[in-house]
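> Quick check, what structure comes out for this input:
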Amino acid sequence: MSRFRQSTLVLAALAAAPLAAQSAAADPRVGLKTGWKDAGEAIRGLALVSHTDRPEGFVTPSMPGSFANANSDLAFKGSLVFVGNFNGFQVYDVADPKAPRLRATVTCPGGQGDVSVHGNLLFMSVEEARGRVDCGEQGVRDTASAERFRGVRIFDISNVEQPRQVGFVQTCRGSHTHTLVPDAKDASRVFVYVSGTGFVRPSAELAGCVRNMRDPNTSLFSIDVIEVPLANPQAARIVASPRIFADASGKVAGLWQGGAHGEGTQMTAMTDQCHDITVYPELGLAAGACSGNGILLDISNPAAPRRIDEVTDPNFAYWHSATFSNDGRVVLFSDEWGGGTAARCRATDKPTWGANALFTLANRKMTPAGHYKLPAPQTDAENCVAHNGSLIPIPGRNVMVQAFYQGGLTVFDFTDPRDVKEIAFFDRGPVSERLTLGGFWSTYWYDGRIYGSEIARGLDILELQPSEHLSRNEIEAAKTVRMELLNPQTQTRLVWPPSFVLARAYVDQLERDRQLPAARVAAVRRALDAAERGTGTARATQLRTLATGLDRDARGKGAEKVRLLAGVVRELGKS
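Numbers count the residues shown, from 1 in each chain. Model (predicted):
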């Protein structure tokens with residue numbers, strides 16, 4: 001189908017759509033030029049800092065329905081970005097974000113190659129039957145073979161230019177994704193939660209594997225927990241395979257049995273696996289996106305995760321990933337309707353299908369709140385559905401960046417989970433005139449910038465720009481949150497050091513939301529400016545006086561935000 005024909009169909013569908021959809025006709029993301037390396041681009045609220053093509057050995061564009069050589073998930077350590085790939089992984093130094101420097105490429109096929117990093121160890125997921133213990137590219141022919149590897153690989157990256165495999169753990173279903181879980185009581189080890197979504201391998205290849213779902217020892221309906229002694233990763237082993245889907249009677253298949261939820265609802269996959277698990281150790285909680293259910297886990301004992309709540313959504317086909325708000329009051333789940341290879345963001349597709357579902361979280365129970373989906377319609381040639389993203393540390397707000405494959409990336413505010421708003425975006429035109437795998441697999445915020453793993457094109461680095469939705473002070477305050485390590489499925493609490501830019505970010509928000517009178521906003525800004533110019537006792541006195549005045553303001557509208565501002569001002573007065 002020609003690009004002109006696709007655009008015509010999109011506009012025709014919009015004409016018959018509700019007004020909210022019709023407004024998308026003016027969106028610059030509609031009608032972008034097709035191309036692999038020369039596609040049209042649309043951007044708002046962001047600046048593209050750099051784009052780096054995939055290196056030699058990782059350059060073949062993926063064909064429809066194929067993941068050969070596709071870039072996948074990301075992990076971060078210092079100035080290094082690790083880019084997973086179905087053919088191995090790449091390592092970039094982004095100390096100069098305008099000119100990322102390739103430090104290493106590792107060819108080691110076996111599946112989407114999700115990566116995570118801890119110290120000098122890198123972990124990589126392997127699920128495909130072609131995976132070999134020796135990382136060879138020739139695959140494995142035999143049905144059962146000691147040469148096949150499916151599970152989690154462990155690499156030593158102490159010499160980042162020459163990573164070497166130092167350990168591995170075989171699992172019955174392989175590892176589609178994995179999650180690193182630190183042990184707060186024992187820093188000498190970490191745990192890895194393994195989410196396997198592939199077929200169960202024969203017991204002749206790996207002892208203990210059981211394919212029959214009716215057998216009480218089935219390899220379905222559980223996750224694997226690996227313990228990794230950091231000083232001896234070769235000794236890593238499975239220490240538990242908890243039945244987190246069991247019901248109160250112990251039935252291992254106790255959650256969603258698969259199928260539709262009623263007329264006009266999605267056909268939702270059976271809950272016999274997790275696709276992804278996001279842990280938030282400081283809360284002692286994890287959120288599992290588990291095919292037919294979203295589940296909440298107690299991980300206070302990281303070696304023994306325990307399910308404490310579960311939810312369903314008739315709009316979801318396949319629960320894919322999860323993200324907590326920083327305060328733990330909201331959890332967001334994404335639906336990978338179409339498996340990531342289908343066009344699911346067309347004007348005719350329901351806005352609650354292939355979207356995010358948001359739940360409020362209180363007393364360790366989840367309650368439905370709302371949905372959010374990329375608001376710009378995409379074409380039949382663009383695989384598009386909700387995928388991987390992370391929080392952006394905008395103080396006082398819940399803001400997230402998220403990949404939508406060839407829908408590009410979207411930045412949205414879910415501070416009110418019942419009224420989610422897009423605030424920035426970046427998108428390219430289709431890779432090809434026909435449906436071909438491409439677009440952003442993952443987009444994450446790390447130390448002041450957004451990094452995107454583009455499946456067919458390479459690595460993108462972007463920066464937020466001020467707009468009516470986001471002030472310069474809010475962006476600069478976000479940049480004060482520094483990380484030395486980021487594994488996106490392992491959330492850590494975001495903490496903002498006291499600073500004048502943080503205080504000004506809160507003032508900007510109070511003004512935007514009209515929670516303080518304009519005259520009072522101006523007075524607070526003058527007081528902050530004067531205090532910043534001052535020194536010693538004079539500065540401390542000015543800030544204490546301002547904090548006291550803000551305490552009085554906190555009795556009215558916007559009380560919670562004003563209290564946050566007063567707290568920052570008071571801390572600045574102590575320094």
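
> how about the helices in this protein?
If DSSP state H is used as the criterion, the helices of the chain fall at 3-15, 19-22, 472-479, 500-512, 518-533, 536-553, 559-574.

> In TSV: those, plus mean pLDDT and mean neighbour count.
For every residue, glycine as well, the C-beta is placed using N, CA and C. Shown next, in TSV, are these (pLDDT from 0 to 100; neighbours: other Cβ atoms under 10 Å):
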stretch	mean pLDDT	mean neighbour count
helix 3-15	33	15
helix 19-22	40	12
helix 472-479	98	20
helix 500-512	98	22
helix 518-533	98	15
helix 536-553	96	16
helix 559-574	97	19
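
> Columns distance to residue 253 on top of those helices, output as JSON lines?
What follows is those, written out as JSON lines (distance: least, Cβ to Cβ, whole Å):
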{"stretch": "helix 3-15", "distance to residue 253": "40"}
{"stretch": "helix 19-22", "distance to residue 253": "39"}
{"stretch": "helix 472-479", "distance to residue 253": "43"}
{"stretch": "helix 500-512", "distance to residue 253": "47"}
{"stretch": "helix 518-533", "distance to residue 253": "57"}
{"stretch": "helix 536-553", "distance to residue 253": "55"}
{"stretch": "helix 559-574", "distance to residue 253": "43"}
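
> Any idea which of those helices gets closest to residue 300?
Nearest to residue 300 among the helices of the chain is helix 559-574; the distance by Cβ to Cβ comes to 28.2 Å.

> partner residues bridging the residue positioned nearest the centre of the chain?
For the chain, residue 389 is the residue whose C-alpha lies nearest the centre (Cα atoms, centre = their mean; 2.8 Å). Beta bridges link residue 389 to residue 402, judged by DSSP bridges.

> rewinding a little: which of the helices of the chain sits closest to residue 159?
With Cβ to Cβ as the measure, helix 472-479 is the member of these nearest residue 159 (30.6 Å).

> quick revisit: how close does the residue nearest to the centre of the chain sit to residue 565?
28 Å (Cβ to Cβ, to the nearest Å).

> again with residue 115
Taken as Cβ to Cβ, the span from residue 115 to residue 565 is 39 Å.

> right, so of the helices of the chain, which gets closest to residue 299?
Once the helices of the chain are compared by Cβ to Cβ, helix 472-479 is nearest, at 27.4 Å.

> which secondary structure elements does that closest one contact?
Here helix 472-479 is seen to pack against helix 500-512 when contacts are counted using 3 or more Cβ pairs under 8 Å, 6 or more residues apart in numbering; DSSP states H and E.

> what does the helix it packs on contact?
The contact list for helix 500-512 (Cβ atoms under 8 Å, 6 or more residues apart in numbering) reads 394-397, 471, 473-474, 476-477, 480, 496, 515-516, 518, 521, 524-525, 528, 531-532, 558, 561-562, 564-565, 568-569, 572.

> Tell me how many other residues crowd residue 143.
Neighbours of residue 143 under the rule other Cβ atoms under 10 Å: 11.

> For stretch 343-356, the averaged confidence score.
Mean pLDDT, stretch 343-356: 98.

> quick one on the thing from earlier: so for residue 131, which of the helices of the chain sits nearest?
Residue 131 sits nearest to helix 3-15 of all the helices of the chain, at 37.1 Å, using Cβ to Cβ.

> Tell me which helix or strand in the chain has the weakest average pLDDT.
Here the helix or strand of the chain ranked lowest by mean pLDDT, DSSP states H and E is helix 3-15, holding a mean of 33.

> what's the pLDDT at residue 419?
98.

> do the one 3 residues further on as well
Residue 422 is assigned 98 on the pLDDT scale.

> That one - how many residues pack around it?
There are 17 residues near residue 422, going by other Cβ under 10 Å.

> so what's it up against?
Neighbouring residues of residue 422 by Cβ under 8 Å, 6+ apart: 374, 375, 410, 411, 412.

> 7 Å instead, please
Residues in contact with residue 422 (Cβ atoms under 7 Å, 6 or more residues apart in numbering) are 375, 410, 412.

> try residue 448
Going by Cβ under 7 Å, 6+ apart, the list of residues near residue 448 reads residue 479.

> Out of the helices of the chain, the one nearest residue 124 is which?
When the helices of the chain are compared by Cβ to Cβ, helix 472-479 sits nearest residue 124, at 29.8 Å.

> got the angle between the closest one and helix 500-512?
130 degrees (axes from the mean of the first three to the mean of the last three Cα atoms, to 10 degrees).

> got the angle for helix 472-479 vs helix 559-574?
Computed by the same axes, to 10 degrees, the angle between helix 472-479 and helix 559-574 is 70 degrees.

> Can you tell me, leaving aside adjacent residues, what's nearest to residue 568?
Leaving aside its chain neighbours, residue 568 sits nearest to residue 503 (4.7 Å; criterion: Cβ to Cβ, 6 or more residues apart in numbering).
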